[in-house]
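Engineer: pasting a predicted model and its sequence here:
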Amino acid sequence: MRKAAFLAAPLALYLAAFFYAPLVYLALEGARGEGLVSAYIEALTRPEYHVFYTRSLVAATLATLIAGALAVPPAFYAAYYSAGKEKMLVVVLMIAPFWIDVLLRALALKVLLRLVGVGPGFGAMVAGLAYEVLPLMFIAAYVGAAFTPRNMIDAARTLGAGPLQAFLRVILPLSAPWLAAGAAISFIYAFSDYTIPSLLGGTTGYTVGTLLYILVLEGDRWGVGSAVAIVVTLATMAGAALLFKRVYRVEAGW
Amino acid sequence: MRLDGRLVLKAYTYIVIALTYAPLILLALQSVSESPLIGVLEGFTLKWYLQIPGDARAREALLNSFFVAILSAGISVVLAVLAAIAYRRVRTVTFLDLIIYPPLILPDIVEAIALLIMLTSIKAPLGFYSVLIGHTAFNVAYAYIIVSPSLKGGLGVEEAARTLGASPLQVLFKITLPLAAPGIVSALALTFLLSFTDFIKTLFTTGPGFETLPLMVWNRARRPGLGEYSSYSYLASLATIMIASSILVALAYTIYLSRRGGSRAKH
């Protein structure tokens, strides 16, 4: 066990130094210059910022819903209604785009949107955010379905449930925690993204990601910028936690 | 009735897959289009690709991206393999599992701003090293997740080799590492590409004068023009190369993963 700890130490130290320590600096940044409390107050109450928050909230919610509607049926198809090579094909093709950087996917989507006559704007931005989080939603839904054994459906069907009932009352509740997790993570990504708004948002691309870019890289207002980043992180994490808790309560109840 | 439902689901699935890949294919078509304008796909030419070697800024950015990516992949896979060896016999959730996931879940923009603030506070110069440090922070997490299952697999074979008289070094080089090789190669390739194509973390942690390929493409794509190196079709050629490499490695890895998963499920 001693040897074990020793070999894992470099990786743990790396993360401590270059992932966790920066987060401490981020949390304390507001204290320098402007004062910690006033930085947070400004981040939360300044009306100009609320436009950014609201726009991100609406765009991220829509994008997560669209991605869910697009990703969940293929996940159930792959998990329950296909086998062998076809199953592998669907899973591999749905997950592979996850590894392509969002910048590159945004550049690609821009061509398609131009061809169908959609220029940069709110619609293009929502489409881009949905395109970004689609693989994540698929992974969550597929894993959730894979953890729900096929014979649960058969049992429900034997006991007289129709296909729709079996889906709504057996599969969906059982994979709900996974869908919730996927939706929470997708929402976090869409909410704080900067790449998509910068390339597809046009004049409506004033989202939380843009606000962070302006405060940190253009405006040199790091105190407020870090406060916004922390608020965003805490808010999204709290949302995720709440969602999980709720889903588990529903699960425990039925 | 049931069959109909399945067919509808199947059609829906393939439509979603088509929608997912249509933009990537259209970008590739844009990169071979005669016209420099976005959305004008006509003719076939390789002239945009042939322009790349003459673009001094792209050459420099490409080299920058390459060196950061190769070092980041090397460092993160070495750290990940060491840690995975340490925890290979442990089947419960470890301390490492707890600290490894936040770098994967936290939005990269928050991570990037945090690192920028810390590096500036300690007066570290921004540029090659800050970008390398930032990329490696998410790459170690990915590398560990990819490498660790492949190091957990060979314990039985190792036991057999030891019983048959193999020395610890022989076991390491003839059994453990060869069995883990697909995982290690996957981790190297994927972390290389994640770093090579990274945009957000680089944008926030780089300093003046250090530009990577994705940064350059983004800077020009924000205001595409008709100039030699700023047309959308030219940028599409650079992006297509990055997408093609990413998708090939990603497909190879996910096929390997699902084969592995499939063969394990049969036991």
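Structural biologist: Now that the structure is in, tell me what you want to look at. Predicted model, so just to flag it, every value in this text is computed and none were measured.
Engineer: for chain B, what are the nearby residues on the stretch 151-254 of chain A?
Structural biologist: Proximity of the stretch 151-254 of chain A to chain B, by C-beta under 8 Å from any C-beta of the partner chain, involves residues A:163, A:185, A:188-189, A:191-195, A:198-199, A:209, A:212, A:216-217, A:222, A:225-226, A:229, A:232-233, A:236. In this view, the C-beta of every residue, glycine as well, is placed from N, C-alpha and C.
Engineer: please pick the buried ones from these.
Structural biologist: Buried by 16 or more other C-beta atoms under 10 Å in any protein chain shown: A:185, A:188-189, A:191-195, A:198-199, A:209, A:212, A:216, A:222, A:225-226, A:229, A:232-233, A:236, out of these.
Engineer: what residues sit buried inside stretch B:73-88?
Structural biologist: Of the residues in stretch B:73-88, those buried (16+ other C-beta under 10 Å) are B:73, B:75-77, B:79-88.
Engineer: do stretch B:225-242 as well
Structural biologist: Those would be B:229, B:231-242, for stretch B:225-242 by 16+ other C-beta under 10 Å.
Engineer: wait, does that stretch make contact with chain A?
Structural biologist: Yes: judged by C-beta under 8 Å from any C-beta, stretch B:225-242 comes into contact with chain A at B:232, B:235-236, B:239, B:242.
Engineer: shaky segments in the stretch 1-150 of chain B?
Structural biologist: Counting by pLDDT under 70, the ranges of the stretch 1-150 of chain B that qualify are B:1-4.
Engineer: can you do 80?
Structural biologist: Where the stretch 1-150 of chain B drops to pLDDT under 80, the residues are B:1-5, B:90-94, B:105.
Engineer: which parts of it are helices?
Structural biologist: B:2-31, B:47-51, B:56-86, B:95-100, B:102-105, B:108-121, B:128-152 (DSSP state H, counting those that start in this stretch).
Engineer: can you name every helix or strand that the second one contacts?
Structural biologist: Applying 3 or more C-beta pairs under 8 Å, 6 or more residues apart in numbering or on different chains; DSSP states H and E, we find helix B:47-51 packed against helix B:232-266.
Engineer: angle of the helix it packs on against helix B:2-31?
Structural biologist: 140 degrees (axes from the mean of the first three to the mean of the last three C-alpha atoms, to 10 degrees).
Engineer: which other helices and strands contact helix B:232-266?
Structural biologist: Using 3+ C-beta pairs under 8 Å, 6+ apart, helix B:232-266 is in contact with helix A:84-95, helix A:102-115, helix B:2-31, helix B:47-51, helix B:177-196, helix B:213-222.
Engineer: surely A:Ile153 touches A:Leu168?
Structural biologist: No: if you go by C-beta atoms under 8 Å, A:Ile153 and A:Leu168 don't touch, sitting 11.7 Å apart.
Engineer: out of these two, which sits in the busier spot?
Structural biologist: A:Ile153 (17 against 12; other C-beta atoms under 10 Å in any protein chain shown).
Engineer: can you pull the contacts of the more buried one?
Structural biologist: A:80, A:166, A:170-171 (C-beta atoms under 8 Å, 6 or more residues apart in numbering or on different chains).
Engineer: let's have the residues you listed in CSV, adding pLDDT.
Structural biologist: What follows is those, written out as CSV (pLDDT from 0 to 100):
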residue, pLDDT
A:Tyr80, 85
A:Ala166, 77
A:Val170, 81
A:Ile171, 79
